[in-house]
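[1] coords below, sequence missing:
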């Protein structure tokens with residue numbers, strides 16, 4: 001049994017994992033950079049260990065320091081959250097080599113799905129090896145990473161070489177990997193994903209769909225579950241997601257992402273971690289995904305059948321940004337932050353906390369759950385209208 005868990009992360013996801021740990025009676029260990037001294041996640045942890053430095057490269061991306069913190073603090077397991085080292089196979093190996101429980105898939109599964117090209121080949125798909133005018137439009141895409149970096153749409157064959165060169169340079173800078181590939185560009189596709197959970201005994205649960213099509217600069221802003229209007233395509237998506245998990249002997253929580261257009265699903269990638277938008281799945285399924293992650297990491301079986309979705313849930317991400325400056329990230333003190341009761345709030349901030357320059361400007365996620373999609377949207381809109389955010 002896991003008795004003490006270190007969360008190798010910060011902000012709202014660290015606070016969210018701590019919440020489940022408190023309910024389960026699991027001791028929590030947090031890590032914090034100098035910039036995060038006094039941050040909510042550092043205050044909420046039972047034990048908080050300093051990582052000297054301020055930038056991610058000095059702190060939350062230093063797997064050696066985090067493993068040392070886990071060992072020294074007496075933790076017996078590590079949860080990576082999302083971002084930072086959550087999909088780093090070497091970090092997962094280091095955790096296991098230190099004799100700790102890794103709350104996630106095996107390093108081999110992480111590696112297999114880390115590259116979009118390898119993942120597509122595992123699924124029996126292959127990028128375009130040769131592009132002709134008849135293939136256009138096409139998408140040049142980085143094999144690693146995400147967030148729209150290393151991505152270019154090509155509608156004219158004469159632009160292909162330049163797009164490849166620019167995408168390679170951007171991917172190398174952002175992810176340390178300049179590999180790119182080319183695939184058909186799906187016009188007007190919806191971003192639909194399937195949450196999966198798998199145990200070490202061969203059971204894979206598809207835990208519903210999510211629609212994350214409302215994006216800005218390829219970053220998700222509004223997410224909902226279940227994905228509306230899929231009809232008979234849902235079972236096909238479940239089958240593809242389970243197939244992806246079984247292809248790499250997956251264990252833990254993960255997400256398989258698709259573009260859906262013209263009644264067809266196009267496999268994008270598999271994220272080998274918990275997603276930012278996991279609360280909408282929790283709302284409609286009635287499960288605690290973090291609690292299930294811990295159970296699976298302890299070797300328990302998933303008994304019975306996956307729960308059936310009840311109602312509809314919608315999530316909005318709140319950011320510290322300046323709309324007058326092209327939605328540029330903003331920093332400073334958050335003087336007042338209040339969201340009405342009746343909706344779920346996942347956040348790493350309270351009144352008086354400081355939004356710094358080193359990390360993502362997301363303040364919180366607000367989630368509304370109701371009997372229907374229209375009711376959930378109305379409930380969320382009402383809560384956001386009454387929310388108070390002053391900085």
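    It's in. Just so you know, these numbers come straight off a predicted model, no measurement behind them. Numbering: from 1, shown residues only.
[2] tell me which element residue 131 falls in.
    Under the criterion DSSP states H and E, no helix or strand holds residue 131.
[3] thinking it is in contact with residue 183, fair?
    No - counting by Cβ atoms under 8 Å, residue 131 sits too far from residue 183 to count as a contact (10.0 Å). (C-beta placed from N, C-alpha, C; glycine too.)
[4] which neighbours do those two have in common?
    Counting by Cβ atoms under 8 Å, 6 or more residues apart in numbering, the common neighbours of residue 131 and residue 183 are residue 138.
[5] looking at these two, which is more packed in?
    More crowded of residue 131 and residue 183, by other Cβ atoms under 10 Å: residue 183, with 20 against 17.
[6] if I look at the more buried one, how far off is residue 127?
    Remark: distance between residue 183 and residue 127 (Cβ to Cβ, to the nearest Å) = 5 Å.
[7] what sits up against stretch 274-288?
    Against stretch 274-288 from outside (Cβ under 8 Å, 6+ apart): 13, 20, 23, 81-82, 86, 193, 195, 207-208, 210, 212, 220, 223-226, 253, 255, 289-290, 293, 306-315, 317, 344, 346, 365, 367, 369.
[8] hmm, who's touching the lengthiest strand in the chain?
    The single longest strand within the chain, with elements called by DSSP state E, is strand 204-216. Here strand 204-216 makes contact (Cβ under 8 Å, 6+ apart) with 190-198, 220-228, 230, 234, 237-238, 241-242, 245-246, 250, 277, 280-281, 284-285, 287, 289, 302, 305-307, 309, 327.
[9] filter those down to the ones in helices?
    234, 237-238, 241-242, 245-246, 280-281, 284-285, 289 (DSSP state H).
[10] quick one: which of these is nearest residue 334?
    residue 280 (24.6 Å; Cβ to Cβ).
[11] excluding chain neighbours, what is closest to residue 188?
    In space, and not counting its chain neighbours, residue 188 is closest to residue 261: 6.0 Å by Cβ to Cβ, 6 or more residues apart in numbering.
[12] can I see the domain layout of this structure?
    Here the domain parsing of the chain from automatic domain parsing is 4-103, 114-184, 190-390.
[13] out of the contacts of strand 204-216, which end up buried?
    The neighbour-count criterion (16 or more other Cβ atoms under 10 Å) marks 190-198, 220, 222-227, 230, 234, 237-238, 241-242, 245, 250, 277, 280-281, 284-285, 287, 289, 302, 306, 309 among the contacts of strand 204-216 as buried.
[14] for residue 188, grab the count of nearby residues.
    Using other Cβ under 10 Å, residue 188 is surrounded by 8 other residues.
[15] distance from stretch 20-30 to the middle of the chain?
    21 Å (Cα atoms, centre = their mean, to the nearest Å).
[16] ends of that stretch, what's the gap?
    Stretch 20-30 has an end-to-end distance of 14 Å (Cα to Cα, to the nearest Å).
[17] hmm, who's touching it?
    Residues contacting stretch 20-30 (Cβ under 8 Å, 6+ apart): 2-7, 14, 17-18, 41-42, 44-49, 69-70, 73-75, 288, 290-291, 294.
[18] just the ones of those in helices?
    Among the contacts of stretch 20-30, the members falling in helices (DSSP H) are 14, 17-18, 41-42, 44, 69-70, 73, 290-291, 294.
[19] emit the ChimeraX select command for whichever of these are buried.
    Here is the ChimeraX command that selects only those of the ones in helices among the contacts of stretch 20-30 that count as buried (16+ other Cβ under 10 Å):
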select :14,17,18,41,42,44,69,70,73,290,294
